[in-house]
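J.: sequence? don't have it. structure:
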C-alpha cells in the first residue's frame with residue numbers, strides 16, 4: 001500500500017476512471033478501479049483500501065445501496081460519492097448512509113484532492129482505532145479460558161480472523177469447545193449484532209438437512225404445506241456454523257460448495273436463486289484430508305472451508321489450564337445453583353490435574369457441575385469427583401485398571417469394564433449415541449442393545 005494511501009475508483013465511464021487514476025497516481029496515491037458495483041465489491045474483499053470514490057449511477061447497482069453495503073462490511077473505509085446530478089436530497093441520503101463526502105462532475109482537482117486527503121486521514125485513524133480495539137479484545141474473551149501457550153495462540157488467531165469474512169475451519173477432538181470458539185469469532189466480528197445460526201449436521205437425514213438449510217417452497221414434498229425459509233436465509237448478514245461438517249453427505253456438500261462460491265442457492269422445489277451474505281464457520285473432529293482421499297468428502301469443498309484453520313488442543317496437552325477452567329466452571333455453576341463461597345480442596349485439584357480428561361473440557365465441565373450440585377458445604381473435596389478421575393483415564397477407550405475379583409466371575413468383571421468403556425465414550429460424545437456408535441465402529445442398534453443390557457441410564461447425561 002502506498003504511504004499516502006490506496007484508493008479504489010468505482011465508475012462505469014472509462015474516461016472518468018482513467019483520469020482519476022492518473023490524477024491520484026501523480027499525487028502519490030496507489031489507484032485501482034472497477035467498472036461495476038459487483039467488481040468493486042470483489043476488489044474491496046481482496047484488497048486493502050483507504051478510500052473508495054463511488055459513482056452513484058452504476059450499470060448493475062444503485063450507488064447508494066452499494067455505499068450502505070460497504071459501510072456495513074467495512075465501516076472504517078472512507079467513501080466519497082460522485083455524481084453528475086447534484087441535489088440537496090441526494091447529498092442528504094449519501095451522508096445519512098455513511099458517505100464521508102459528496103462531489104459533482106465536473107470537479108475542481110484541487111478541491112477533490114483536499115477532500116481525498118482529509119478522508120484518507122480520517123479513514124486511517126478509524127482503522128488504527130479499530131486495530132487497537134481488536135488487539136484489546138485479545139485480552140477480553142471471557143469464555144475462552146486458558147493461559148497455556150497453545151490457548152494463547154488460539155486466542156491470537158480468533159482476534160486476527162474475527163473481523164474478516166474468511167471461512168474458518170475449527171478442528172479438535174469432541175469436547176474441546178469448537179462451538180464456543182465459533183461463537184467467540186462471531187461475537188467479536190462486525191456481524192456480532194446479526195444472527196449466529198448453529199447447524200448440527202450429524203443429527204439430520206439428507207432431505208431434512210437440505211430443507212433446513214435452504215428452505216422449501218409450498219408443495220416441494222408431501223408435508224410442505226407452506227413456503228419456509230432455510231437457515232441460510234435466517235443467517236443472512238450473520239454467521240452460520242456447521243458442527244461436525246464431516247457428517248454431511250456428498251450431495252449436500254455439492255450444494256454447500258455452490259453457496260460458498262456464488263453466495264446464492266435455491267429453495268427445495270424452487271426456481272429462483274436467493275442471494276445471501278453469510279459468513280461460514282465449520283467444525284470437525286474427523287480427519288477431512290483422509291476423508292477426501294477416501295472419496296467421502298469433496299476436495300474442492302475442503303479447500304473452500306480450510307481457508308483458515310484453528311486447531312483446538314485436547315485438555316491433556318494443556319494441563320496447566322485445568323485449575324483456571326475448574327474455577328471458571330465453579331463460578332458458572334455456583335451462580336446457576338445459588339451457591340456462594342465454594343472452592344476445591346488442594347487434593348481435589350491435584351486429582352483433576354493428574355487426570356487425562358479423555359472427554360476434554362466438556363468432561364471437566366460435567367465434573368465441576370456434579371461437585372457443585374452434590375456439595376453439602378463450602379469445601380469441594382475428592383469425594384465429590386466422579387470415580388473415573390481416580391483411574392487416571394487415558395485417551396484410548398477401555399484403558400481401565402483391572403479390578404480384583406472380589407468374589408465376582410470373569411463375566412461380571414468383563415461386563416463392568418464394558419459398561420465403563422461405554423460410559424466413557426458417551427461422556428466424550430456429550431451422550432450422543434449416534435456419534436458413540438460411529439466411533440466404536442458398530443451399528444447404533446448394537447450400542448442401544450448394550451446400553452439396555454448394561455442398564456446405563458442415558459437420561460442422566462453423565463450426572
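T.: That came through, no problem. Because the structure is a prediction, the values reported are computed rather than measured.

J.: okay, CA-based contacts and neighbour counts for the rest of this
T.: Fine.

J.: ok, residue 432 - how many residues close by?
T.: Counted with other Cα atoms under 10 Å, the neighbours of residue 432 add up to 15.

J.: ok, now residue 123?
T.: So residue 123, with other Cα under 10 Å, has 22 neighbours.

J.: go on, residue 359?
T.: Counted with other Cα under 10 Å, residue 359 comes out at 27.

J.: which ones are touching it?
T.: 174, 175, 424, 425, 427, 428, 429 (Cα atoms under 8 Å, 6 or more residues apart in numbering).

J.: nearest to the spatial middle of the chain, which residue is it?
T.: Ranked by distance to the mean C-alpha position of the chain (Cα atoms, centre = their mean), the top residue is residue 182 at 3.0 Å.

J.: quick check, nearest of the contacts of residue 359 to residue 255?
T.: Of all the contacts of residue 359, residue 255 sits closest to residue 174, with 26.4 Å by Cα to Cα.

J.: how about the closest one, what does it touch?
T.: 285, 359, 360, 428, 429.

J.: equivalent analysis for residue 274, please.
T.: 264, 265, 266, 267.

J.: let's see that with 6 Å instead.
T.: 264, 265 (Cα atoms under 6 Å, 6 or more residues apart in numbering).

J.: can you verify it is assigned to a strand?
T.: Yes: judged by DSSP: H, G, I helix; E, B strand; the rest coil, residue 274 forms part of a strand.

J.: how's this protein carved up into domains?
T.: 6-134, 149-313, 317-460 (automatic domain parsing).

J.: format those domains as JSON lines; extra columns: mean pLDDT.
T.: Putting those into JSON lines (pLDDT from 0 to 100) gives the following:
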{"stretch": "domain 6-134", "mean pLDDT": "84"}
{"stretch": "domain 149-313", "mean pLDDT": "89"}
{"stretch": "domain 317-460", "mean pLDDT": "83"}
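
J.: can you redo these as JSON lines with distance to residue 143?
T.: Converted to JSON lines, the domains of the chain look like this (distance: least, Cα to Cα, whole Å):
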{"stretch": "domain 6-134", "distance to residue 143": "16"}
{"stretch": "domain 149-313", "distance to residue 143": "8"}
{"stretch": "domain 317-460", "distance to residue 143": "9"}
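
J.: which parts of the stretch 151-300 of the chain are helices?
T.: Using DSSP state H, counting those that start in this stretch, the helices found in the stretch 151-300 of the chain span residues 178-187, 206-214, 231-234, 250-262, 288-293, 299-305.

J.: now render those helices as CSV, adding distance to residue 346.
T.: Output for these, formatted as CSV (distance: least, Cα to Cα, whole Å):
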stretch, distance to residue 346
helix 178-187, 29
helix 206-214, 48
helix 231-234, 47
helix 250-262, 50
helix 288-293, 41
helix 299-305, 44
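
J.: between these, which gets nearest to residue 322?
T.: The nearest among the helices of the stretch 151-300 of the chain, by Cα to Cα, is helix 178-187 at 17.1 Å.

J.: which helices and strands does that closest one pack with?
T.: If contacts are counted by 3 or more Cα pairs under 6 Å, 6 or more residues apart in numbering; DSSP states H and E, helix 178-187 sits against no helix or strand.
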